[in-house]
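# sequence and predicted structure below; questions after.
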Amino acid sequence: ESLAGLLAHAIERQCISVVYQPIIQLGTEEIIGYETLMRLKGNNGRLVKPDIFIPVAEQNGAIVELGAWVFEQACADVARYKLDGVIAVNISAVQLKAPGFALRVAEMLARHGLAPAQFALELSERGDILGQSQAAQTVEQLRKLGVQIWLDDFGTGYAGIDCLRRFELDIVKIDRSFLPDGRHPRDVRMLTGMIQLLRSLGRTVLVEGVETVEQKRLLEELGVDLAQGYLIGRPQPVSEFIGDQKSEV
Ligand code: G
Ligand code: G
Ligand code: G
Ligand code: MN
Ligand code: NA
């Protein structure tokens, strides 16, 4: 079966799931929330890499329904397990441009009785998502609704600096490719400069892809607010971490 075919039936066949990766406050180590990540099981029972299936789903439009499924699932989990902290959901440009996106988000939150401010939408600067007026209008509606708007993959797109200038962003996630695995002066200066720019604009800075203790220490020295990565916690199903949260009702 083709990947497109798999994507078209993923929800009814229950091949799609959501995992949660913790985000911590550096210094206090407190988990301030989770990023949701979509997972797709292929016919052989193995996971298909999101890097493979997300672009296909974006291209054929399946991402609109799959993305809505993830948001709905996240709402259901938060309501059922009374999860604390912010839940950050990746949103592709295709979803943002689909008619009625903001309404749909509002409807899901209201139906589950959840506060919009507990949710963040991660918009990637990669696809020039915010450069298009239709998308910018939807972002404005979402902001009025009260959901947080985060900028994902900062540093990798065409318009990251422009996005910073034009949009109020609650949090900016510096792409993990800017996190050095050593202390090469050039890499450290690059990251330091990015952090200084963001902080001078009053943005909260999150660095993702933290895999080593040395990397975490560097971020603490540089005054980064939030961190995420395999060192801190892997993406996992909600069943794996509800023990750390308030008990189920
Ligand atoms: O876990 P990782 O391999 O999950 O994700 C790879 C890429 O897929 C990342 O760029 C991530 O933003 C994207 N991605 C993961 N889950 C989702 C999702 O639910 N929606 C969208 N639009 N992208 C996602
Ligand atoms: O594009 P986005 O930032 O949404 O993608 C998040 C991706 O990064 C997911 O594929 C997730 O599984 C992956 N990821 C999360 N933590 C780490 C990490 O510490 N190292 C690496 N290499 N990838 C990570
Ligand atoms: O957990 P383990 O040590 O087996 O991980 C092996 C490799 O798989 C590591 O290099 C790590 O970066 C990667 N990895 C671990 N968890 C994830 C995950 O949730 N998503 C992705 N995309 N890669 C992961
Ligand atoms: Mn993301
Ligand atoms: Na990213």
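Structure's in. What do you need? Ligands and ions are numbered 1, 2, ... in the order given.
# list the strands paired with the helix or strand harbouring residue 88, with their directions.
Per DSSP states H and E: residue 88 is located in strand 86-91. When sheet partners are counted by DSSP bridges, strand 86-91 sits next to strand 31-41 (parallel), strand 119-124 (parallel).
# average pLDDT for the top helix by length along the chain?
Scanning the chain for the longest helix, with DSSP state H as the assignment, gives helix 63-81. Per-region confidence: helix 63-81 scores 97 on mean pLDDT.
# does residue 4 count as helix, strand or coil?
helix (DSSP: H, G, I helix; E, B strand; the rest coil).
# could you tell me how many residues sit around the residue lying closest to it once chain neighbours are set aside?
Spatial nearest neighbour of residue 4, chain neighbours left out: residue 60 (5.5 Å); criterion: CB to CB, 6 or more residues apart in numbering. Quick note: C-beta positions are derived from backbone N, CA and C, even for glycine. Residue 60 sits with 14 neighbouring residues when counted by other CB atoms under 10 Å.
# so what's the nearest residue to residue 157 once chain neighbours are set aside up against?
Counting by CB to CB, 6+ apart, residue 157 lies nearest to residue 125, which is 3.4 Å off, once chain neighbours are set aside. The contact partners of residue 125, by CB atoms under 8 Å, 6 or more residues apart in numbering, come to 151, 152, 153, 154, 156, 157, 158, 159, 160, 163.
# then the second one would be within a helix, right?
Which is residue 152. No: Residue 152: not assigned to a helix; according to three-state DSSP it is strand.
# go ahead and confirm it touches residue 92.
No: Residue 152 is not in contact with residue 92 according to CB atoms under 8 Å; the separation is 10.3 Å.
# about what we covered before: phi, psi for the residue nearest to residue 4 please.
phi -100, psi 0 (degrees, to the nearest 10).
# can you tell me how far it is from residue 227?
From residue 60 over to residue 227 the distance is 35 Å, taken as CB to CB, to the nearest Å.
# now do residue 99
Residue 99 is 36 Å from residue 227, by CB to CB.
# and residue 45, by the same measure?
33 Å.
# of those two, which one has the most company?
Per other CB under 10 Å, whichever of residue 45 and residue 227 has more neighbours is residue 227, with 24 against 7.
# got a list of what that one touches?
Here residue 227 is in contact with 23, 24, 26, 206, 207, 208, 210, 216, 219 (CB under 8 Å, 6+ apart).
# give me the distance from the helix or strand bottoming out on mean pLDDT in the chain to the chain's centre.
One helix or strand of the chain scores below all others by mean pLDDT, DSSP states H and E: helix 160-166, with a mean of 84. Put simply, helix 160-166 sits 18 Å off its chain's centre (CA atoms, centre = their mean, to the nearest Å).
# for it, packing partners?
Taking 3 or more CB pairs under 8 Å, 6 or more residues apart in numbering; DSSP states H and E as contact, the helices and strands that helix 160-166 lies on are strand 148-154.
# can I get the strand holding residue 88 as PDB, trimmed to CA atoms?
C-alpha atoms of strand 86-91 as PDB (Å, rounded to 0.1, in the frame of the first residue of the first chain):
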ATOM      1  CA  VAL A  86       1.400  23.800  28.400                       C
ATOM      2  CA  ILE A  87       0.700  21.400  25.500                       C
ATOM      3  CA  ALA A  88       2.600  22.500  22.300                       C
ATOM      4  CA  VAL A  89       1.200  21.100  19.100                       C
ATOM      5  CA  ASN A  90       3.000  21.300  15.700                       C
ATOM      6  CA  ILE A  91       0.900  23.000  13.100                       C
END
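# what about it, near ligand 2?
Yes: for strand 86-91 and ligand 2, the contact criterion (CB under 6 Å from any ligand atom) is met by residue 90.
# I appreciate the help and will end here.
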